[in-house]
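>>> here are the coordinates; sequence isn't available:
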């Protein structure tokens, strides 16, 4: 599959697909051949959807989440608690957290996490706007909700240091054993943390 | 993830990706967010590659394989054996077979296999052009090299019936146990076939 394909057009399309994360050249060729079997208009719509997406996409003035308006629905919602801002990596995390129906505050979407290997430094992320918001009068608490990977933890620590001068309360979502998870299969680091961070027992902990 | 995304542009791009085989909405969103982090010019090149691909792709006049010329490199190669035509599903099979360096004849690319469920009948495949070629003076043998799935077998049988009137020899690539495969893990149908189709033992069977 490393040999050159017998068509420049095919090669170009396969190259584009295989640049996507998790897509190898074999998969890319399979996807491209699938598109070749679709009507011309469908493939044109696909191509234009990508071009439009990147050119016209808009981010919320406040939380930097993707939206078609100046301010996203969550930031515009008068019923949300404006004293709490949860810091997340991208829109997928907002969707996941909204799905729990356990959070009524606002968000701040970083647009990624610090990753020196991929050349992503603080200037590529929405950090300045976060500090500005954190300094706002209404804001009382900032909740870190980044991944617990090494890069996520590094980003959290970096942000914590940047947020300290604001004097606001900085919290992090709890790490511990999964609900429905078996103790003996939980990794040692998580289990250890869940013991250190043990909480008072209560029947229903969803506030 | 079934909830609506907060942007029409995002929704459109995610929809297009999730129409691809094997790509769900979660993966589609991950790919789209990846593209949003790439430079504008890269995404534009991706979109245009798809549009150009579908609009300008060209198929070999003879074997129907994808090529940028009127006739593909294989069909144009004077050193190939023009008396044998191997019938394959698509360009991936041509690449796989060329990779073996065991075949010096020509190909005929069907462009798919019969699949009533997907609405693919004989008229969607390059069948007429195959029959025309099979009737050619030079042609002596047609080799079936379709997948051994039910749809592949059905297509082979359909083509066999269509090719019979040409009076040419119709063969099929051998099915049997994989080389390097362990006998006890081979499925019974394959094992049974490999016994029925046993061949004379020879030291080197690559002709």
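Sure, I can see it. Quick caveat: nothing in here was measured; it's all calculated off a predicted structure.
>>> what's the neighbour count on residue A:199?
When neighbours are defined as other C-beta atoms under 10 Å in any protein chain shown, residue A:199 has 9 of them. In short, each C-beta sits where N, CA and C put it, glycine included.
>>> for it, helix, strand, or coil?
Following DSSP: H, G, I helix; E, B strand; the rest coil, we place residue A:199 in the coil state.
>>> what about it, distance to residue A:7?
Shown here: residue A:199 relative to residue A:7, a distance of 61 Å by C-beta to C-beta, to the nearest Å.
>>> what do you get for residue A:176?
From residue A:176 to residue A:7 the distance is 54 Å (C-beta to C-beta).
>>> Who has more neighbours out of these two?
For residue A:176 versus residue A:7, the count of surrounding residues by other C-beta under 10 Å is larger for residue A:7: 23 against 17.
>>> For burial, what's the neighbour tally of the closest residue to residue A:17 other than its chain neighbours?
Nearest residue to residue A:17, sequence neighbours excluded (C-beta to C-beta, 6 or more residues apart in numbering or on different chains): residue A:28, at 3.6 Å. Using other C-beta under 10 Å, the number of residues around residue A:28 comes to 19.
>>> Quick one: list the elements packing against the longest helix seen in chain A.
Ordering each helix of chain A by length in residues (DSSP state H) puts helix A:40-56 first. Other helices and strands packing on helix A:40-56, by 3 or more C-beta pairs under 8 Å, 6 or more residues apart in numbering or on different chains; DSSP states H and E, are helix A:25-36, helix B:8-18, helix B:25-36, helix B:40-56.
>>> mean confidence for stretch A:52-69?
Across stretch A:52-69, pLDDT averages out at 94.
>>> low-confidence ranges in chain A?
A:1-3, A:202-207 (pLDDT under 70).
>>> where do the helices sit along it?
Using DSSP H, helices in chain A cover A:8-18, A:25-36, A:40-56, A:73-76, A:91-100, A:128-134, A:150-163, A:188-196.
>>> what's the most buried one of those helices?
Most buried of the helices of chain A by mean neighbour count (mean count of other C-beta atoms under 10 Å in any protein chain shown) is helix A:8-18; its value is a mean of 21.
>>> how big is the angle separating that helix from helix A:40-56?
50 degrees (axes from the mean of the first three to the mean of the last three C-alpha atoms, to 10 degrees).
>>> Show me what helix A:8-18 packs onto, helices and strands only.
Judged by 3+ C-beta pairs under 8 Å, 6+ apart, the packing partners of helix A:8-18 are helix A:25-36, helix B:40-56.
>>> Go through these and name the closest to residue B:190.
Between residue B:190 and the helices and strands packed on helix A:8-18, the tightest spacing by C-beta to C-beta is seen for helix A:25-36, at 23.6 Å.
>>> and for the closest one, what are the contacting residues?
Identification of contacts with helix A:25-36 by C-beta atoms under 8 Å, 6 or more residues apart in numbering or on different chains yields A:1-2, A:5, A:10, A:13-18, A:20, A:23, A:42-43, A:46, B:20-23, B:50, B:53-54, B:57, B:66, B:90-92.
>>> So which residues make contact with stretch A:139-146?
Against stretch A:139-146 from outside (C-beta under 8 Å, 6+ apart): A:82-89, A:93, A:97, A:105, A:110, A:113, A:133-134, A:152-153, A:155-156, A:159-160, A:163, A:168-173.
>>> How far away from the center of its chain is it?
The chain centroid and the centroid of stretch A:139-146 are separated by 15 Å under C-alpha atoms, centre = their mean, to the nearest Å.
>>> now do stretch A:190-204
On the basis of C-alpha atoms, centre = their mean, stretch A:190-204 sits 26 Å off its chain's mean C-alpha point.
>>> what residues does it touch?
So stretch A:190-204 is contacted by A:174-177, A:183, A:186, A:205 (C-beta under 8 Å, 6+ apart).
>>> How is chain A partitioned into domains?
Per automatic domain parsing, the structural domains of chain A span A:8-56, A:78-173.
>>> In JSON lines: those, plus distance to residue B:142.
JSON lines is the format used below for the domains of chain A (distance: least, C-beta to C-beta, whole Å):
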{"stretch": "domain A:8-56", "distance to residue B:142": "23"}
{"stretch": "domain A:78-173", "distance to residue B:142": "51"}
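>>> How about the residue nearest the centre of chain A: what's its closest non-neighbour residue?
In chain A, the centroid-proximal residue (C-alpha atoms, centre = their mean) is residue A:90; its distance is 2.2 Å. Sequence neighbours aside, residue B:33 is the residue nearest to residue A:90 in space, at 5.7 Å (criterion: C-beta to C-beta, 6+ apart).
>>> same deal with residue A:183?
residue A:177 (6.4 Å).
>>> Quickly note the distance from that neighbour to residue A:188.
12 Å.
>>> same question, residue A:174
According to C-beta to C-beta, residue A:174 stands 18 Å off from residue A:188.
>>> what's the answer for residue A:143, then?
From residue A:143 to residue A:188 the distance is 26 Å (C-beta to C-beta).
>>> Any idea how far apart the tips of stretch A:32-51 sit?
18 Å (C-alpha to C-alpha, to the nearest Å).
>>> How about stretch A:87-94?
9 Å.
>>> was I right about residue A:156 contacting residue A:172?
Yes. With contacts counted by C-beta atoms under 8 Å, residue A:156 reaches residue A:172, the gap being 6.7 Å.
>>> can you pull the contacts of residue A:4?
Contacts of residue A:4 (C-beta under 8 Å, 6+ apart): residue A:11.
>>> what's the distance between it and residue B:196?
Counting by C-beta to C-beta, the gap from residue A:4 to residue B:196 is 40 Å.
>>> repeat for residue A:154
Counting by C-beta to C-beta - residue A:154 and residue B:196 are separated by 63 Å.
>>> Looking at the helices of chain A, spot the one closest to residue B:76.
Of the helices of chain A, nearest to residue B:76 by C-beta to C-beta is helix A:8-18, at 16.6 Å.
>>> Not counting the closest one itself, show me its contacts.
Under C-beta under 8 Å, 6+ apart, the answer for helix A:8-18 is A:4-5, A:23-25, A:27-29, A:31-32, A:35, B:45-46, B:49-50, B:52-53, B:56-57, B:66, B:68, B:91.
>>> same thing but at 6 Å, please
Under the criterion C-beta atoms under 6 Å, 6 or more residues apart in numbering or on different chains, residues A:5, A:23, A:25, A:28-29, A:31-32, B:46, B:49, B:52-53, B:56-57, B:66, B:68 lie in contact with helix A:8-18.
>>> ok, now stretch A:125-132?
A:64, A:108, A:110-112, A:162.
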